[in-house]
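Trainee: Build me a model:
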Amino acid sequence: MKVALATTLAAVVALGGCAGRPAADANDVGRAPAPARGRPLAASPLVGAWHLAWLELPGPDGALRRVTDAKGALIYTPTGQVSVQVMYASAASAPSSGPVQYAAGGFEGSFGQYVVDTTTRTVTHRYDGANVRALLGQDVPRRYTFVDGRLIIRSTRPDEHWSVAWERY
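Mentor: Numbers count the residues shown, from 1 in each chain. Purely as a prediction, here's the structure:
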């Protein structure tokens, strides 16, 4: 099963590398991706297929709780496309409150373009499609770090307190 999923994701990444918009550079943060003017995204450590390791979400009391029973995939192509899917174990376990809603019916999914700013260690997503339509066309910046080989992504918003850990396929 993992081999089939990894093969499928590798094909999606490969196809994404053959089509789509040109790479963008760090000067494009905060704007929609544009033709390359600097370093190609292929050099970014984000490029590739990732599977969800865990999420840390605020509980009703505000304390972070680690969610390990959700499934997810994150793909960054070398040409600047991003695709994110997360399925919670049950619709009831998906976050239902917060300043921004990302999930609906226990699922969050979106796709679009991204740009990386290595100086601030942020990646900004601009969604062309999402199951939560309020996200369409929005620039959604995220902080990223690497810890023990995992990609950790957090919101840049001071009113959002969550993180997501991804591992390479």
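Trainee: and residue 85, what does it touch?
Mentor: By C-beta atoms under 8 Å, 6 or more residues apart in numbering, residue 85 lies in contact with 72-74, 107-109. Bear in mind the C-beta positions are built from the backbone N, C-alpha and C, glycine included.
Trainee: Pull the most distant pair out of those residues.
Mentor: Pairwise distances among the contacts of residue 85 were taken by C-beta to C-beta; the largest, 14.4 Å, belongs to 74 and 107.
Trainee: Have a look at the two and say which one is more surrounded.
Mentor: With neighbours defined as other C-beta atoms under 10 Å, residue 74 and residue 107 compare such that residue 74 has more, 22 against 17.
Trainee: so the residue lying closest to the more buried one once chain neighbours are set aside bridges to which residues?
Mentor: In this structure, residue 74 finds its nearest non-sequential neighbour in residue 50, 4.2 Å apart by C-beta to C-beta, 6 or more residues apart in numbering. For residue 50, the beta-bridge partners under DSSP bridges are residue 74, residue 168.
Trainee: From residue 84, how far off is residue 50?
Mentor: Per C-beta to C-beta, to the nearest Å, residue 50 is found 9 Å from residue 84.
Trainee: residue farthest from the centroid of this protein?
Mentor: Relative to the centre of the chain, the most outlying C-alpha is that of residue 61, 26.1 Å out, by C-alpha atoms, centre = their mean.
Trainee: give me the element it is part of.
Mentor: Counting by DSSP states H and E, there is no helix or strand that carries residue 61.
Trainee: which residues touch the residue nearest to residue 74?
Mentor: Contacts for residue 50 (C-beta under 8 Å, 6+ apart) come out as 73-76, 151, 166-169.
Trainee: Quick check: ChimeraX command selecting the buried ones in the residues you listed.
Mentor: To isolate the buried ones among those in ChimeraX, judged by 16 or more other C-beta atoms under 10 Å, type:
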select :73,74,75,76,151,166,169
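Trainee: Columns distance to residue 46 and pLDDT on top of the contacts of residue 85, output as TSV?
Mentor: As requested, these are exported to TSV (distance: C-beta to C-beta, whole Å; pLDDT from 0 to 100):
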residue	distance to residue 46	pLDDT
72	15	97
73	14	98
74	9	98
107	23	90
108	19	91
109	19	93
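Trainee: Many thanks, we can stop here.
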